[in-house]
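1. here is a sequence together with a model predicted from it:
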Amino acid sequence: MKTRFNRLFLPVLLVILLAFTSACGSAEKKTDSSNSSSSAETKATEKAVEKPTEKPAEKPKNTTITMMWNSTKKEYVDYIINQYKSKNPNVQFDVQITDVNQYDNIISTRIATKNLTDLIMHNVVDVAKKYAAERNFVDLSDQPFAQRLAAPEFSKIRGKIYCMPFSASGPALGILYNKKIFSDLQLPIPKNYDELISSCEKMKQKGITPFYFANKAGWCAQLWPLTTLCEFTKGTDIMDKINMNKLKHKDVPEFEKALQMGLDFVKKGYANKDQMSADWESIGPAILSGKYGMVAFGSFAAGAFSANKEVADRIAKETALFASPGVEDPDMAMGSVQGLFLWNGSKNVDEVKKFLEFWSQPENMSVEYKEEPLFSAFKDVKVELDALQNDVYDKYISKGKIMSQYNDQIAVDVTELLKLYQDMYAGAKTPKQVLEAWDKKVEELAKAAKLPDW
Amino acid sequence: MDRNYYPYYFTYPAVILFLLIFVTPTLIGFGYAFTDWNIYNPEINFVGFENFKKILDNDNLQLCIRNTVFFALFTCIGRNIIGLLLALALCSRLKTKVALRTIFYLPVILSYIVVGVVFTMVLHPEGILNTILSAVGLEFMALQWLADRNVVMFTVSIVDIWKGAGFHMVIFIAALMSIPHEYSEASKIDGANAVQQFFKIKLPLIMQSVTINIILSLIAGFKVFEQVYLLTNGGPGYASSVMNTVVFQMLGEGTWGMGTAINLVLFIVIAVVTLIALAYLKRKEIEI
């Protein structure tokens, strides 16, 4: 009996001791704070007696605004933050840079653990598809900056604005080419696939590799299909049917044709041999080297390499963009708008809204556009576009020859599709197998999101 | 009787913390494996074995499972054989054995990030390795080590063996040094050569360390993540994807129930394989 009692008593005593010591710690803290508050009260009383008519000014609360940015962060971010801090000394910033290839993984993890930063930089379409904007982000439609937007429709998710956008529309996506190579070889801008192949053949004969692929980066591997699939869906109801579960990708012959076109660049020897190990950072130097004629990229090319001013300037001057010629006389595919999204779990919502309003002011947006020219998001902010972007604007945007990219048209997240494209370029899957695997994934994701008709 | 149980009482706080912080969340996690938990919907619904059926139907996931098993077995064999050979060499009469033990152990203390960055450059198509191979007339061996889907898993495995062999070497050295010299001397007198000495004397007497090394390397192999993530991120495509990289990908995708299901499968595979290996190897152990 005594033995059993001891066996039970000792462990219980140990647990109680542990709990007691932690309670003592907090009790001491409480005592300390109550002591300090009572002494503070005494001091306050004394001060009140001395100057009964003066109220002490309220000190603004010290705040830290946290922000997530992927590894393409630019200098203008630091400039704008410093400007805000100089006007609001009580506000500090914590900018967390994440590798662009892991950005979405980290955001998903932090949303799941309710530990997201106050602000994240992302694009409208991905936030709409992946992150349930209505649940996770603050509606900014009533903010003053939202009334100044040049093209608010491109920033909306189901009728509401959840970000402070950086541009009126996304970047143009197509084939970036080396102007000197094209002019030296007297190559015309290809208006269809046959002309493109003919240009590739002429370049190959002169010892120039026609295409540079950086397929190690999934977002680069998708660029040809991204800009070509939408050429076949423009003016049709194909994507509506796919999104309503009335049609499958594998049943659209044009989709297989578009993927095969991209794969043929590799099979016919028109692409760099290290296409599966080249990463996106190598694109800038490659297209300027004179060894490669073209790369599937976008009008953001100069901005993407702004860390190296010389490369960025040369890209803006020495390259130009044409629409991927998967069809006759194609339109230019346009990407999604990027901006800053305010997490609805933030403890500093008011301060962050103030910061976003500050960022959107012309004097700050003009600094951003000087470093990274984009199509201006605001009616009262003018942008001096670089030569590459002006060319795209003149030839395509001003004439209305634009269309939204495939990724914006499909109703589900495309992360898996990027891996499937890499499998295709690595020789593991045929275009048909890519489409079949993608159909399965679309079904899985559509059912998980409980989309209608699935 | 009391005094025999007394030391156990002091383990209770640690056991309680372990149960609360580790075991309970793990069991809750296993529960999520049977749901459709995802980022798109706040509701979590029980779906039974639906997630496991999807794992069996999905070719890419089956490839990941095969890659994981391949990596675990290949690195287990590689680490232990190389570790044992190094231990045997460094227990002999070698003047520089202390320095060599340090050199061979150094890769173990390097962080995976450092190893990943360095080997990504070394194994680049125009990196040091291919440059040396081309320079000595072995251009045919200058492969795309991290981009060719036929060799990428071998490459990642070999990098892991390079990094991990030193750890097993140290355990084997300790075991070899605990064997009394008299056994070796007696066997020499009886006319045993070095190979016979190893297989008949040393190996049976170090079986406990062999068991530990094999079990540890198997578990580490099945749990592979950093090596693949840092070198190839599972690419090209799914060619070098393993179960943990796919779980991480599903975390990013927001299909958390599916990711948890794959984790549960991995847990079961590790538990079954290591228990079988442990049961078999334990029978081979003998005590001095």
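-> Received it, and whenever you're ready, just let me know what you need.
2. so which helix or strand takes in the residue nearest the centre of chain A?
-> The centre of chain A sits closest to A:His122, judged by Cα atoms, centre = their mean, with a distance of 3.7 Å. According to DSSP states H and E, A:His122 maps onto strand A:119-123.
3. please apply the same query to B:Val224.
-> Here B:Val224 is assigned to no helix or strand, by DSSP H and E.
4. still on that earlier bit, touching, the residue nearest to the centre of chain A and A:Ser336? I think so.
-> No: A:His122 is beyond contact range of A:Ser336, at 9.3 Å (criterion: Cβ atoms under 8 Å). (C-beta placed from N, C-alpha, C; glycine too.)
5. okay but A:Gly427 is in contact with B:Ala147, surely?
-> No: assessed by Cβ under 8 Å, A:Gly427 is found out of contact with B:Ala147, at 11.0 Å.
6. of those two, who's got more company?
-> Just comparing A:Gly427 and B:Ala147: by other Cβ atoms under 10 Å in any protein chain shown the higher neighbour count belongs to B:Ala147, 28 against 17.
7. residue contacts, that one?
-> By Cβ atoms under 8 Å, 6 or more residues apart in numbering or on different chains, B:Ala147 lies in contact with A:Lys216, A:Asp274, A:Met276, A:Ser277, A:Ala426, B:Pro125, B:Gly235, B:Pro236.
8. again, but for B:Asp36
-> A:Ala448, B:Ile44, B:Asn45, B:Val47, B:Glu50, B:Gly257.
9. A helix includes B:Ile286, no?
-> No: B:Ile286: not assigned to a helix; according to DSSP: H, G, I helix; E, B strand; the rest coil it is coil.
10. and it, how far is that from chain A?
-> From B:Ile286 across to chain A, the span is 38 Å (Cβ to the nearest Cβ, to the nearest Å).
11. next, count neighbours for the closest residue to that residue other than its chain neighbours.
-> The shortest distance from B:Ile286 to any non-neighbouring residue, by Cβ to Cβ, 6 or more residues apart in numbering or on different chains, is to B:Pro204 (5.4 Å). Close neighbours of B:Pro204, defined as other Cβ under 10 Å, add up to 14.
12. same deal with the one 10 residues further on?
-> Neighbour count of B:Ile214, defined by other Cβ under 10 Å: 20.
13. same question, B:Phe225
-> B:Phe225 - counted by other Cβ under 10 Å - has 15 other residues nearby.
14. list the contacts of it.
-> Applying Cβ under 8 Å, 6+ apart, we find B:Phe225 in contact with B:Val242, B:Asn244, B:Thr245, B:Phe248.
15. same question, A:Gly269
-> A:Lys204.
16. pLDDT score assigned to the residue nearest to B:Thr255 when sequence neighbours are not counted?
-> In this structure, B:Thr255 finds its nearest non-sequential neighbour in B:Asn38, 5.2 Å apart by Cβ to Cβ, 6+ apart. B:Asn38 carries a pLDDT value of 87.
17. ok, now A:Thr415?
-> Confidence score, pLDDT, at A:Thr415: 87.
18. so who does it touch?
-> Applying Cβ under 8 Å, 6+ apart, we find A:Thr415 in contact with A:Asp104, A:Gly218, B:Gln249, B:Gly252, B:Glu253.
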